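*Asks:* Give me coordinates for this.
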Amino acid sequence: MSSPLIREVRSPARRSRARTTRFRQGRSTRYVRYVRYLGSLGRASRRAVQVTRQQAPAWRRSVRSRYVLAWLTAYLYGSLPLVYWLGRRSGVNLRQSGSGNVGVSNLLSSSKRGRRWAIPAALFDASKGYLPISICRRLGYPREVAELAGVCGVVGQCWPLFLRFNGGRGLSAFLGAALQINRRAGLLALSTLASGVLWRLWSLFSHHQAPAPATRRSWASHSISTTTTRSKVVPLSGLAAILLFTFLCLREHERTQRQQLIPPLLAALLLLRRLTAPLPDDAEHGPARQPKALLYRLLYDRNTPD
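*Replies:* Numbering: from 1, shown residues only. Sure thing, here's the model as predicted:
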């Protein structure tokens, strides 16, 4: 049997071990409660996310649907025919006068009252390709998605919904998109087009008068018709700007191995618009009657070389 003295010595050690054991058990119990509480919170948050996704609209459930919405919005913005509305405000229907092109150049040549709106109209058309890319980038969309939004803006200017898919040539929107896609190549393309426009203006002011009407014999009949002489420099400079931008982007792809599919797509769309755009003299000199009209459309944006 143990003596009372030994029991008194052992009892404090036992009591301390018992307190330590109870403390550890209480701490482990609290840890278990915390883990269970966090697990319940995680399950509740997952259930809340699932319910929110089920109740949310369909366009918010998928990332791709947001991309499609951005492309559709860019196309609708590009379809706004501000130049056509300004022409009607000035008393001119651009689709039935001049070259039949719903663009700033036709607005300048067809309406004297509409010349004051030329610069704002050109800037608005350029924003159709510039703003969609800029906004998509600010929203954090991938580079390809943002650039395709700019392409949709160009498509909207060429084939607008509000004009029954018969719009302009898309050159202004192309320049706006080009400045966002590749700043250096876009500036070179813009300078190429600007040089052609300045050459045209200098030739006009050097003669102190607009080009005189030139007589031309119709190919379909022997009647004489008068048509306003148009410049070949501006369409050629536009074609050179398109090809120069595409070439520079492809050269950059060879140097940096960065995928460049949007510039060739833009060039193909603009050239397709030139080749298929309805012109006022299609019944007499169009591609259906003269195959060479396709070449003249590509170079001079018209059916004849005159």
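*Asks:* Excluding chain neighbours, what is closest to residue 195?
*Replies:* Excluding its sequence neighbours, the residue lying closest to residue 195 (Cβ to Cβ, 6 or more residues apart in numbering) is residue 237, at 6.3 Å. All C-beta atoms are positioned from the backbone trio N, CA, C, and that covers glycine.
*Asks:* And residue 134, by the same measure?
*Replies:* The spatial neighbour of residue 134 that comes closest, neighbours along the chain excluded (Cβ to Cβ, 6+ apart), is residue 180 at 6.3 Å.
*Asks:* wouldn't that neighbour be in contact with residue 127 here?
*Replies:* No: with contacts defined as Cβ atoms under 8 Å, residue 180 does not count as touching residue 127, sitting 10.7 Å away.
*Asks:* hang on, the earlier thing: report how many residues lie close to the residue nearest to residue 195.
*Replies:* A count of neighbours around residue 237, defined by other Cβ atoms under 10 Å, yields 23.
*Asks:* Confirm that the residue nearest to residue 134 lies within a helix, as I assumed.
*Replies:* Yes: Residue 180 forms part of a helix when assessed by DSSP: H, G, I helix; E, B strand; the rest coil.
*Asks:* Model confidence for it, exactly?
*Replies:* Residue-level confidence at residue 180 comes out at 95, pLDDT.
*Asks:* which ones are touching it?
*Replies:* For residue 180, the contacting residues are 129, 130, 133, 134, 146, 147, 150, 186, taking Cβ atoms under 8 Å, 6 or more residues apart in numbering as the criterion.
*Asks:* Please enumerate the strands of the stretch 101-250 of the chain.
*Replies:* Counting by DSSP state E, counting those that start in this stretch, the segments of the stretch 101-250 of the chain that form strands are 214-217, 224-227.
*Asks:* Could you tell me the least trusted of the ones you listed?
*Replies:* Among the strands of the stretch 101-250 of the chain, strand 224-227 carries the lowest mean pLDDT, a mean of 35.
*Asks:* Just want the most central residue of the chain.
*Replies:* With the centre of the chain defined as its mean C-alpha position, the nearest residue by Cα atoms, centre = their mean is residue 150, 0.9 Å away.
*Asks:* how many other residues sit next to the closest residue to it other than its chain neighbours?
*Replies:* Spatially, and ignoring its direct neighbours in sequence, residue 150 is nearest to residue 177 (3.6 Å; Cβ to Cβ, 6+ apart). Applying the criterion other Cβ under 10 Å, we find 30 residues in the vicinity of residue 177.
*Asks:* give me every residue that touches residue 177.
*Replies:* Counting by Cβ under 8 Å, 6+ apart, residue 177 touches 129, 130, 133, 147, 150, 151, 153, 154, 266.
*Asks:* And the helices in the protein?
*Replies:* Secondary structure of the chain (DSSP state H): helices at 4-55, 63-78, 82-89, 104-110, 118-138, 143-158, 171-181, 183-207, 233-256, 262-276, 282-285, 293-300.
*Asks:* Please identify the most buried of those helices.
*Replies:* With neighbours taken as mean count of other Cβ atoms under 10 Å, the helices of the chain reach their highest mean count in helix 171-181, at a mean of 27.
*Asks:* if I look at the residue nearest to residue 195, how far off is residue 163?
*Replies:* When Cβ to Cβ, to the nearest Å is the yardstick, residue 237 and residue 163 sit 26 Å from each other.
*Asks:* what's residue 239 in contact with, if anything?
*Replies:* Here residue 239 is in contact with 298, 299 (criterion: Cβ under 8 Å, 6+ apart).
*Asks:* ok, now with 7 Å
*Replies:* residue 299 (Cβ atoms under 7 Å, 6 or more residues apart in numbering).
*Asks:* No further queries at this time; thank you.
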